[in-house]
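J.: I would like to see how this sequence folds:
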Amino acid sequence: MAVGERRWSARLPVPRRRGRLARGPLAVGERRPSALLPVRGRPAKVAWGLVAVLVVACVTLALVLSGPGTPPAVAAPRPLVVQADSTPVPLQVLADRAQAAVDGSPSLRKGTHVQSWSMGMSEDAPPITLPEERVVRWRADGSHTELVVATDPRHPGRPVLTDAGGAVADGHVITRRTYPPSWSDAPPESPPPHDAARLRAYLREAAHLRAAPTTPELLDAVELLLDHWTLGARESAALARLLADTEGLRPAGQVTDRLGRRGQAYVYEGHGLRRMLVMDPVTGAVLGLESVFARAEPVYGVKAGDVMSYSAWMR
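T.: Sure, this is the predicted structure:
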């Protein structure tokens, strides 16, 4: 029915924006206000309320999900672990595989189905994470539906949304909306191209960048793209080729993502974060993107190795 996404977020009930550090971890001596910060520096749609209000909302939702007789369903996921004896696959090799796998299917589809987890932080309370899933589906008349659910973390890796009438299991509906017809010829609303050079320009425009994107900016733009579109085989191959030409993404080996899918991991480290891109080893499709703190942030109660955010995209 609508785009499905599963997230862990402390900024409930506001959908489609994850509370996280917008500029990376703090420098020594630097302090930020206690409000949650919007993703990737994009403007927040609403003002973040008081931290106390957010904490109450999260605890309330935890009780809804867990029930009074069980521990609150509030926890952070552990970082993905690369299989120790696996052989890293260079991105150029993966891009070649993705191109060879292009046979016209699957096709590009507007909308997304994604689970995500993200950390909400403040100086006044410990970090909080809650799972969320979102499904967005577009109709032929240009209208679309969106269903956002806070899912039950007692069943990690199990999607709770289906397209069969927007059925929900083991989840608490945050929002269910239908939007009127709308069209745009600007990225990311317009269809992405399926060659690497034009896709790079598309992502630059979608992220409103004036210069060629850095690797972190490119990864943010990829996340933005996949929150709008479910890529087809040709678009996934183009994205794999683009990533193969991106500086600083090193092959790390095989991982199993939070939906139980096996993929190849590609890691970028910088600005206090370790970002891991998980890609299908045959088709080159992006399965997930994880950001982990490389150093502690005591003012926010964050330890080195804590997961800041994670998204897992599905068809």
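J.: give me the sheet partners of the helix or strand encompassing Glu146 and which way each runs.
T.: Element membership for Glu146 (DSSP states H and E) is strand 144-151. Strand 144-151 sits in its sheet next to strand 3-6 (parallel), strand 171-179 (antiparallel), going by DSSP bridges.
J.: what's the least confident stretch among the ones you listed?
T.: Confidence, taken as mean pLDDT, is least for strand 3-6 of these (a mean of 38).
J.: do a quick rundown of the strands in the stretch 201-315 of the chain.
T.: For the stretch 201-315 of the chain, the strands defined by DSSP state E, counting those that start in this stretch cover 229-230, 250-256, 262-270, 273-279, 286-293, 307-314.
J.: Serialize those strands to a markdown table and add fields for distance to His172 and mean neighbour count.
T.: Bear in mind the C-beta positions are built from the backbone N, C-alpha and C, glycine included. As requested, the strands of the stretch 201-315 of the chain are exported to a markdown table (distance: least, CB to CB, whole Å; neighbours: other CB atoms under 10 Å):
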| stretch | distance to His172 | mean neighbour count |
| --- | --- | --- |
| strand 229-230 | 25 | 22 |
| strand 250-256 | 27 | 17 |
| strand 262-270 | 29 | 20 |
| strand 273-279 | 27 | 23 |
| strand 286-293 | 23 | 23 |
| strand 307-314 | 19 | 23 |
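J.: lowest mean pLDDT across these, which one is that?
T.: Lowest mean pLDDT within those: strand 307-314, at a mean of 92.
J.: pull up the pairing partners for that strand, direction included.
T.: For strand 307-314, pairing defined by DSSP bridges yields strand 109-120 (antiparallel), strand 286-293 (antiparallel).
J.: hmm, who's touching the shortest one?
T.: Where contact means CB atoms under 8 Å, 6 or more residues apart in numbering, the residues beyond strand 286-293 that reach it are 20, 25, 79-80, 219, 222-223, 226, 231, 236, 239, 257-259, 261, 263, 272-280, 302-313.
J.: now distance to Arg97 too, for the strands of the stretch 201-315 of the chain, in JSON lines please.
T.: Formatted as JSON lines, the strands of the stretch 201-315 of the chain follow (distance: least, CB to CB, whole Å):
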{"stretch": "strand 229-230", "distance to Arg97": "20"}
{"stretch": "strand 250-256", "distance to Arg97": "13"}
{"stretch": "strand 262-270", "distance to Arg97": "10"}
{"stretch": "strand 273-279", "distance to Arg97": "10"}
{"stretch": "strand 286-293", "distance to Arg97": "14"}
{"stretch": "strand 307-314", "distance to Arg97": "19"}
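J.: among those strands, which is nearest Ala101?
T.: With CB to CB as the criterion, Ala101 lies closest to strand 273-279 of the strands of the stretch 201-315 of the chain, at 12.2 Å.
J.: and what about Ala95, helix, strand or coil?
T.: Following DSSP: H, G, I helix; E, B strand; the rest coil, we place Ala95 in the helix state.
J.: so which of the strands of the stretch 201-315 of the chain comes closest to Ala186?
T.: Nearest to Ala186, of all these, is strand 229-230, at 13.8 Å by CB to CB.
J.: elements contacting that closest one?
T.: If contacts are counted by 3 or more CB pairs under 8 Å, 6 or more residues apart in numbering; DSSP states H and E, strand 229-230 sits against strand 109-120.
J.: can I get the strands paired with strand 307-314 in a markdown table including distance to Ala252?
T.: Converted to a markdown table, the strands paired with strand 307-314 look like this (distance: least, CB to CB, whole Å):
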| stretch | distance to Ala252 |
| --- | --- |
| strand 109-120 | 20 |
| strand 286-293 | 12 |
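J.: now for the ones you listed, which one comes closest to Ala206?
T.: Ala206 sits nearest to strand 109-120 of all these, at 13.9 Å, using CB to CB.
J.: now the closest one: average pLDDT?
T.: In this model, strand 109-120 has a mean pLDDT of 88.
J.: give the buried residues for it.
T.: Residues of strand 109-120 classed as buried by neighbour count (16 or more other CB atoms under 10 Å): 110-120.
J.: could you list the low-pLDDT ranges of the chain?
T.: 1-76, 121-130, 152-171 (pLDDT under 70).
J.: so which residues of it form helices?
T.: For the chain, the helices defined by DSSP state H occupy 51-66, 91-100, 196-206, 215-226, 233-244.
J.: by contact count, what packs against the third one?
T.: Right, helix 196-206. Looks like helix 196-206 contacts helix 215-226, helix 233-244 (3+ CB pairs under 8 Å, 6+ apart).
J.: now do the buried residues in the first one.
T.: The neighbour-count criterion (16+ other CB under 10 Å) identifies 216-226 as the buried residues of helix 215-226.
J.: identify whichever of the helices of the chain lies nearest to Arg250.
T.: helix 91-100 (8.9 Å).
J.: name the surrounding residues that touch that closest one.
T.: With contacts defined as CB under 8 Å, 6+ apart, helix 91-100 is touched by 233, 236-237, 240-241, 243-244, 246, 249, 251, 264, 266, 279, 281-285.
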